[in-house]
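Asks: Provide a 3D model corresponding to the input given below.
(2 chains)
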Amino acid sequence: MKVPTAILTLIIGILITLASLWVSQNNDLLLPIAAASEAAEIDRLFASMMAIATGLFLIVQGALLYSLFAFRRKSDDQTDAEPVHGNVPLEIVWTAIPAMLVLWLGIYSFDVYQSIDSVGTMGSHNMAHQHGDMERVADADAATMVTDQGQMYSDALSQAVATETVEPLQVNVDGLQYAWLFTYPDTGIISGELHLPVNRPVTLNITARDVIHAFWVPEFRLKQDAVPGQVTHLNFQPTEEGVYPVICAELCGAYHGAMKTRSIVHSGPEYQAWVDSQLVANTSKETVAQSITVSPLEHHAAAMGLPHHLHKPHQSDLAQVDHAPSAS
Amino acid sequence: MTEAQAPHLEEVEVTPWREYFSFSTDHKVIGIQYLVTSFVFYLIGGLLAELVRTELATPASDFVQRETYNELFTMHATIMIFLWIIPTLTGGFGNFLVPLMIGARDMAFPKLNAIAFWIIPPTSILLLCSFFVGPAAAGWTSYPPLSLMTNKAGEAIWILGVILLGTSSIMAGLNFLVTILKMRIPSMTLNDMPLFCWAMLATSALQLVATPVLSGAMVLLGFDLLVGTNFFNPAGGGDPIVYQHMFWFYSHPAVYIMILPAFGLISEILPVHARKPIFGYQAIAYSSIAISFLGLIVWAHHMFTSGTPDWLRMFFMIATMVIAVPTGIKVFSWVATVWGGKLNLCSAMLFGMAFVSMFVVGGLSGVMVASVPFDIHVHDTYFVVAHLHYVLFGGSVFGIYAGLYHWFPKMTGRMLNEFWGKVHFAMTFVGFNICFLPMHVLGLQGMNRRIAEYDPKFAALNVVCTIGSYILATSTIPFVVNAVWSWLAGPRANSNPWKGLTLEWTVPSPPPVENFEEDPVLAIGPYDYGTPKALDFVAATLAPAPALAADSLE
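Replies: Residues are numbered from 1 along each chain as shown, chains lettered A, B, ... in the order given. From the prediction side, this is the model:
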């Protein structure tokens, strides 16, 4: 019995739809775990795109594969096929459907982008241009700038911050060949690893000292270039405790592949313990450093006749002693 | 009825080999000069790719030095883009086919045409010579400030090379525009043109508009590198992001310069071997123009993570996604062309259908990366490496191979061996997919690109990719042997071995100097398969003596 074409098309359509939905529901195998609230949003967008892509993929490849076998020329047939030049209704349909899909995808992507508000850049460009220097924008300026952005882009995250009155944790991120340096302006801690408390909004103020780098944590699904002379930002909220890789995603030189460190998302008390340990370590280092270095340096400076200020140890340099990341 | 000159096979003229090493102004000789020169660089670029993949077979950086690795992938991309795909598609196929297809005796500016080609060999030798001083190592994008800091001599050579190759490209684009617009036979309106000519029209416009901006960027980068200016160098107050805008203003359209002519080739090949008219001629023709225009306003989608302002990201996201519509129209039209045809599954057709199949994969991942939130995750990862290879290898290179198998008889007067053609196809298709399909997963999982060492958890998939790349490399052997042997001693081809309806099939294989003894008159559309006129046309092109064709005109 010959199955009518309409019924056959319907069955194939249902099967393709089911396959597309299955793929969209099971693509978590393709992605690492989602460790930030923004990541979950992006994963949902990815699932939608995978569903559409799977459907279109199956339709086109199915038609090609079917043609390959069904429409193969018989060896004794030298005639041409039926001269079909076009079909206006069909062409309108297959122009309209992709157009609508693209429109929907654009709106959905825009919506997700607004809701995650992960990458605020307004103002950073201008500021860098106005100053035109390589210095990091002062921490206070950066914090103000981010607050301005929060007002400009009233989104879910900033609302949550307002209602819970939780200030985002500010972390300044420096990219340099071939390491990441994280500075916590509230406490003055400098670290080679990014330590974050879980479930607290974070704002990274990112810049670079030499060439362009890119800060990327795959588990957060977030990436932002670190550009010398400019400060760019990432706003996010870690939701899963754990240790995640921090990767440089922009080619930055011979050891680009080795430029990585760790992002550690702690529980609240663990994070506080880490902060305390760093503060104690810094204080003790300063004391030790001063006791060891100031006196000999001053003697040396006097002997050499050098200006006094050249021999004052730089506190941030001392703080880096045990935390400078290795390029491995 | 188009006049056809089809002498006896034993009378076929063969271009003397010395002609191919001369400053010939014959568009066909120049076309073949482009094709052969570019293919040599395809093999060199492929060799570099194999070295890259061999390094990536293990997680550690243990095969070449890290700096050498950066040099290898930088030169691989530079060679493949500037010395293989663009010269082959525009210079090679464009030169050989466009004048024949529109009934012209040569290009509009034959000497300019020759100059455009002869810029390439010395420039390519110069680029290769940079290996003696350490070639550019900052990626083919050559972003400052890194490009100003590593391998200065190699970078300077690279900049000069790109400027010269860009100049060649501009010359070629101008020539094609004038040729297509002004040198068609009087009876051929734009809507009677073969679709390859439409594609070349769109491509040439892009070359003319976009390439000068790249040259400008290169000149300024050269000043920063050699003179110490600070256009792009942040150390002196320059803005490296401006370079990215200028670079991508050319380099995104360059993707369309690399794919539009391949679209054109496929639009020629599928109808002939499906024995059906192309489905939706005007839709395909006008979508090329739409892609050309839209291609100019999407460049910043390469910069979604570069600190680009939010409103700008949204504009470029939407503009990029819109390109999916004209591209989708083409894909659906090709599928509809094949559907219900009588498919001659020769090597050209297999590569043509594989082109559609693989390009769809690259197109779908292209729409994904157009979405800003998703692109932020996968930008600069192996997902993007996979996407671009599905577009530029699964697309452009498959298109080139389809074109080579299809027009080889016309170019050389000899038939290629079909058995080895199919072996070549099978190895290329399998090797390509084994090599590049797993890269999607690697990128999603967190493997960034341009790295010589990676997390051991990615090792297994990288081994698969490397094995695939070896199969892909091996696949060129049957093709090269087949092409060389067939060119020298293959069976003679008649003037129209595939029974095509475009004008190039009305002249002998290979075509004589100045192509047509008399200006042809168009009496049949390029894709009117399945009509009585088509039978008459094909019979005339295969006629044993010119006199018969002349008689039928009366």
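Asks: okay, CA-based contacts and neighbour counts for the rest of this
Replies: Noted.
Asks: Does anything pack onto whichever helix or strand A:S109 is part of? Which helices or strands?
Replies: Per DSSP states H and E, A:S109 falls inside helix A:88-116. Judged by 3 or more CA pairs under 8 Å, 6 or more residues apart in numbering or on different chains; DSSP states H and E, helix A:88-116 is in contact with helix A:37-70, helix A:156-164, helix B:310-322, helix B:324-338, helix B:372-378.
Asks: at 7 Å what do you get?
Replies: Contact partners of helix A:88-116 among helices and strands, from 3 or more CA pairs under 7 Å, 6 or more residues apart in numbering or on different chains; DSSP states H and E: helix B:310-322, helix B:324-338, helix B:372-378.
Asks: Quickly compare these and say which is most buried.
Replies: helix B:372-378 (a mean of 26; mean count of other CA atoms under 10 Å in any protein chain shown).
Asks: near chain A, anything from that one?
Replies: Yes. Applying CA under 7 Å from any CA of the partner chain, one finds helix B:372-378 in contact with chain A at B:372-374, B:376-377.
Asks: What parts of the stretch 351-500 of chain B come near chain A?
Replies: B:357, B:364, B:368, B:371-374, B:376-377, B:380, B:441, B:444-446, B:448, B:450-454.
Asks: The closest residue to B:T68 other than its chain neighbours: how many residues sit nearby?
Replies: In this structure, B:T68 finds its nearest non-sequential neighbour in B:A137, 7.8 Å apart by CA to CA, 6 or more residues apart in numbering or on different chains. Other residues lying near B:A137 total 28 when counted by other CA atoms under 10 Å in any protein chain shown.
Asks: A:I11 now?
Replies: 12.
Asks: what do you get for B:L43?
Replies: The burial count for B:L43: 16, using other CA under 10 Å.
Asks: which of the residues in the helix holding A:S109 are buried?
Replies: With burial defined by 16 or more other CA atoms under 10 Å in any protein chain shown, the residues of helix A:88-116 counted as buried are A:91, A:94-95, A:98-99, A:101-102, A:105-106, A:109-110, A:112-116.
Asks: And it, how far out from the chain middle?
Replies: Once both centres are worked out by CA atoms, centre = their mean, to the nearest Å, helix A:88-116 turns out to sit 25 Å from its chain's centre.
Asks: low-confidence ranges in chain B?
Replies: Applying pLDDT under 70 to chain B flags residues B:1-13, B:543-554.
Asks: Repeat the analysis, applying 50 as the threshold.
Replies: The model of chain B has pLDDT under 50 over residues B:1-10, B:545-554.
Asks: Buried residues in the longest helix out of those in it, which are they?
Replies: Identified as the longest helix of chain B according to DSSP state H is helix B:240-274. Within helix B:240-274, the residues scored as buried using 16+ other CA under 10 Å are B:240-241, B:243-274.
Asks: likewise stretch A:7-20?
Replies: A:16-17, A:19-20.
Asks: Do I have it right that B:I291 meets B:I323?
Replies: Yes. In this structure, B:I291 is within contact of B:I323 by CA atoms under 7 Å, at 6.2 Å.
Asks: quick revisit: shouldn't the residue nearest to B:T68 be in contact with B:N70?
Replies: Yes. Shown here, B:A137 and B:N70 form a contact pair, counting by CA under 7 Å, at 5.0 Å.
Asks: Can you list the low-confidence ranges for chain A?
Replies: For chain A, the ranges with pLDDT under 50 are A:121-163, A:291-328.
Asks: From B:G228, how far off is B:L221?
Replies: 10 Å (CA to CA, to the nearest Å).
Asks: Looking at these two, which one has more neighbours?
Replies: B:L221 (29 against 13).
Asks: got the buried residues for the host helix or strand of that one?
Replies: Assigned by DSSP H and E, B:L221 falls within helix B:195-222. Across helix B:195-222, burial judged by 16+ other CA under 10 Å covers B:195-208, B:210-215, B:217-222.
Asks: helices and strands around the helix or strand just after the longest helix of chain B, which ones?
Replies: Once the chain leaves helix B:240-274, the next helix or strand it forms, by DSSP H and E, is helix B:281-295. Packing partners of helix B:281-295 (3+ CA pairs under 7 Å, 6+ apart): helix B:195-222, helix B:240-274, helix B:324-338.
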